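> Pasting the sequence and the predicted coordinates here, then a few questions.
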Amino acid sequence: MELVVAVAGAVVVALSLCIGGVQGQLQVGFYDQSCPQAEVIVRDEVGKAVSANVGLAAGLVRMHFHDCFVKGCDASVLLDSTANSTAEKDAIPNKSLRGFEVVDSAKRRLESACKGVVSCADILAFAARDSVVLAGGTPYRVPAGRRDGNTSVASDAMANLPRPTSDVAQLTQSFATHGLSQDDMVILSGAHTIGVAHCSSFSSRLYGYNSSTGQDPALNAAMASRLSRSCPQGSANTVAMDDGSENTFDTSYYQNLLAGRGVLASDQTLTADNATAALVAQNAYNMYLFATKFGQAMVKMGAIQVLTGSDGQIRTNCRARGSRGMRLWLLSVAVMAMAMATRSQAQLQVGYYDTLCPAAEIIVQEEVSKAVSGNPGMAAGLVRLHFHDCFVRGCDASVLLDSTQGNRAEKDAPPNTSLRGFEVIDSAKSRLETACFGVVSCADVLAFAARDALALVGGNAYQVPGGRRDGNVSVAQETNGNLPPPSANVAQLNQMFGAKGLTQAEMVALSGAHTIGVSHCSSFSNRLYSSGPNAGQDPSMDPSYVAALTTQCPQQQGQPAAGMVPMDAVTPNAFDTNYYAAIVANRGLLSSDQALLADQTTAAQVVGYTNNPDSFQTDFAAAMVKMGSIGVLTGNAGTIRTNCRVAS
């Protein structure tokens, strides 16, 4: 009864605060309770779209910019024109916008999952962030809670959007009108490192620039010649904004400006002013600086004149005006208030570090991204590291502890000597200790790193609850009987996963992690060279696959075969369903993989995943979250190790 009263009181307080005007603040994790899959759904739709058409990444970033600069970030750019009014999207500067169908697809899925909850304006902000990441930029956290506007007028776009012919003074004034500094302006201009420009946007620099020369003298002569060939006078063609890497989010845009190779006059003008030229030079060869500041500037831009609280509406169709939706807003506030009242009841919480260490997940993402970019195989290593941690003593980062003189730790047990990724965790932890000393556990770093590694190789991003604390005990012998061996059959796998509270269906889903990474020949050589009545080979393995493996893993003088081979021979660095397709074709690498086809129930799930990749991705994410809660230490239990390798 006391809890009910407390919750009711929390709702009243929350409503009073919001209705009374203490509103307008956007929040990271705004949909954690009201629609937990919101950001995952948007990221999934953006991923599919950019995979099919890489140019849409630039299109979605540009759309968010064009929305925010006209009436604020209220999704007014998405509204269709009516018989009585020409909308923003039909204004001349917006006729080349791309990505409307991506927003539509995300919105349809969101309405199915959480009707009337997620705004079109927030979808735009999430989609722009996800596009930047897919193009190679650094992830950043997007505060949400925007609501949608109901007005869209073409003339507003004409009056507010910077022109491709603007000079520094005009650009500075335009950005300042929206509360953005000159530094923000130079950083956000860096979005032109991806995408294309229509010839009409810069043809004045090539033809009839002035009476003495037909071309803009600020434009590199070789670049002018190339652009003239691509854009004959009156052409409707497009050219890359960033000559050389139009689909990669990098600093070559700034390098091109320094070389006089900026395509638009509004780009090249940044080198004509001492202050902005210095900022261009600062970013040209420092990707970390540029990527970090870009995320910060996007968050700042994304807060321009936002509608929040009871203002605006949640449009169910992003193209059409709707009602203000006050009742749904009140319901959302009530849900959030109840969640706040019960937050302390949960063991683990999504957004656990939002207040304690807001940059926590971003820092982990950055370190994982750098590692996987340098070595794609590291993605599989980080996922395996999290799995091997959770299956021994629970998810307490005990697998990271080094052995001591009196104790051999888990990492030095035979099943773990091939683990990879320790240095990635160390790098992330070092930065986290600088940012938020003694706050973020090694166990949470492992959980975040596994999720981020999967996303980088094609997996669906998912929200990871945090709040784990670290254990101080790590004993090699405890890996015995806890980590499934590569020779396990279905009954043994069921028993071992069941002991951790995981179902058979979750076991089959988690086994799909073997769609990335490699295996040592010694883990399956008994299938190739064992003595017995079947010519020394496992009869359940496709003969052509056996032939390929024996070539890759030759036996030497009776010793176990050395070397490594991909777990998924078709796409070893892509998180997809080819692992399951291989099992159906009797090309599962490990005995424990192929065994899934020997049981009627697990075989049906294996076949089902080959035909439904979306189902696999969804089930895998849910199983990873569940696995990540095995035996966790929370609250006052455990510790926060400042060095993940050393007990404290």
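Thanks, I have the structure now. Since we're looking at a predicted model, the values are computed, not measured.
> Just list the residues touching Ala106, thanks.
With contacts defined as C-beta atoms under 8 Å, 6 or more residues apart in numbering, Ala106 is in contact with 41-42, 45-46, 123, 127. Heads up, the C-betas are built off the backbone N, CA and C, glycines and all.
> For it, which three-state class applies?
With DSSP: H, G, I helix; E, B strand; the rest coil as the basis, the three-state label of Ala106 is helix.
> Helix or strand: which one has the nearest residue to Glu366 once chain neighbours are set aside?
Spatial nearest neighbour of Glu366, chain neighbours left out: Thr138 (5.6 Å); criterion: C-beta to C-beta, 6 or more residues apart in numbering. Taking DSSP states H and E as the criterion, no element holds Thr138; it sits outside all helices and strands.
> Count the residues that sit near Thr138.
For Thr138, the number of neighbouring residues by other C-beta atoms under 10 Å comes to 19.
> distance of it from Leu289?
When C-beta to C-beta, to the nearest Å is the yardstick, Thr138 and Leu289 sit 11 Å from each other.
> Equivalent analysis for Val61, please.
Distance from Val61 to Leu289, counting by C-beta to C-beta: 19 Å.
> ok, back up a step: could you verify my assumption that the residue nearest to Glu366 touches Glu367?
No - under the criterion of C-beta atoms under 8 Å, Thr138 makes no contact with Glu367, lying 10.7 Å away.
> what about this structure, any weak spots by pLDDT?
Segments of the chain classed as low confidence (criterion: pLDDT under 70) are 1-24, 210-213, 323-346, 531-536, 557-561.
> Which stretches in it count as strands?
When assigned using DSSP state E, the strands of the chain occupy the ranges 196-198, 238-240, 518-520, 564-566.
> With distance to Pro162 and mean neighbour count as extra columns, can I get those in a markdown table?
A markdown table is the format used below for the strands of the chain (distance: least, C-beta to C-beta, whole Å; neighbours: other C-beta atoms under 10 Å):
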| stretch | distance to Pro162 | mean neighbour count |
| --- | --- | --- |
| strand 196-198 | 14 | 20 |
| strand 238-240 | 19 | 18 |
| strand 518-520 | 49 | 18 |
| strand 564-566 | 49 | 18 |
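> closest to Asn480 out of the ones you listed?
When the strands of the chain are compared by C-beta to C-beta, strand 518-520 sits nearest Asn480, at 18.8 Å.
> who does that closest one touch, helix- and strand-wise?
In this structure, strand 518-520 packs against strand 564-566, with contacts taken as 3 or more C-beta pairs under 8 Å, 6 or more residues apart in numbering; DSSP states H and E.
> The strand it packs on - which strands sit beside it in the sheet, and in what orientation?
Each strand that pairs with strand 564-566, with its direction, by DSSP bridges: strand 518-520 (antiparallel).
> residues in contact with the strand it pairs with?
For strand 518-520, the external contacting residues (C-beta under 8 Å, 6+ apart) are 377, 380, 418, 486, 563-567, 572, 589-590.
> let's see 6 Å
Counting by C-beta atoms under 6 Å, 6 or more residues apart in numbering, the neighbours of strand 518-520 from elsewhere in the structure are 564, 566-567, 589.
> What is the nearest of those residues to Val306?
For those, with Val306 as the reference and C-beta to C-beta as the criterion, the closest is Met567, at 45.9 Å.
> The residue lying closest to the closest one once chain neighbours are set aside: neighbour count?
Computed as C-beta to C-beta, 6+ apart, the closest residue to Met567 that is not its neighbour in sequence is His514, at 4.4 Å. Here the count is done by other C-beta under 10 Å, and His514 has 23 residues near it.
> next one: Ala604
As a burial measure, the neighbour count of Ala604 was computed by other C-beta under 10 Å and equals 11.
> just the one 5 residues further on next, same as before
Neighbouring residues of Tyr609 were enumerated by other C-beta under 10 Å; the total is 25.
> pretty sure it is touching Tyr580, no?
Yes - between Tyr609 and Tyr580 there is a contact under C-beta atoms under 6 Å: 4.5 Å.
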